[in-house]
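Engineer: here is my input; please provide its structure:
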Amino acid sequence: MTYSPALIESVARQLQRVFESEHQLPSQENDLLRQVARMVLYLLRHNLGQLLNILYRIDVEERKVKQAMLAASEEEVADNIARLVVERELLKAQIRFRYSQN
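Structural biologist: Below you'll find the model as predicted:
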């Protein structure tokens, strides 16, 4: 699905706050996914508790997280989780946008 640049930019700003990143996240979907995957990989290796807390706050389905964690390598796990995180935030941003129009 193709998303508007404004929507992706909104998600990037939200994820920057959620992950407490000092650096601005990219506003291109593929670049955003890559950067989120890097942050997820770091947390997988160094602070799993914080990653799980973030996933809970974002409200990513536990079933999907468990499925994502079955991947063969940490990098694949990080990619899968990053995709879940970005998809969830895009959905929330779409809902906010839709209801702000009414």
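
Engineer: going by C-alpha atoms from here, please, whenever you check contacts or count neighbours.
Structural biologist: OK.

Engineer: K92 versus Y99, what's the distance?
Structural biologist: Using C-alpha to C-alpha, to the nearest Å, one obtains 11 Å as the distance from Y99 to K92.

Engineer: which one's more surrounded, these two?
Structural biologist: Higher neighbour count among Y99 and K92: K92, with 14 against 9, using other C-alpha atoms under 10 Å.

Engineer: helix, strand, or coil at the more buried one?
Structural biologist: Three-state call for K92 (DSSP: H, G, I helix; E, B strand; the rest coil): helix.

Engineer: can you show me the helices along this structure?
Structural biologist: Ranges of helices in the chain, per DSSP state H, are 5-18, 29-46, 48-58, 62-68, 74-100.

Engineer: other SSEs contacting the longest one?
Structural biologist: To tie it back to what came earlier, the one meant is helix 74-100. helix 5-18, helix 29-46, helix 48-58, helix 62-68 (3 or more C-alpha pairs under 8 Å, 6 or more residues apart in numbering; DSSP states H and E).

Engineer: okay, the ones you listed in CSV with mean pLDDT next?
Structural biologist: Shown next, in CSV, are the helices and strands packed on helix 74-100 (pLDDT from 0 to 100):
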stretch, mean pLDDT
helix 5-18, 94
helix 29-46, 97
helix 48-58, 97
helix 62-68, 97
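
Engineer: which residues are in contact with P5?
Structural biologist: P5 makes contact with S27, Q28, according to C-alpha atoms under 8 Å, 6 or more residues apart in numbering.

Engineer: mind running it again at 7 Å?
Structural biologist: S27 (C-alpha atoms under 7 Å, 6 or more residues apart in numbering).

Engineer: would you mind measuring from A37 to R57?
Structural biologist: For A37, the distance to R57 equals 17 Å [C-alpha to C-alpha].
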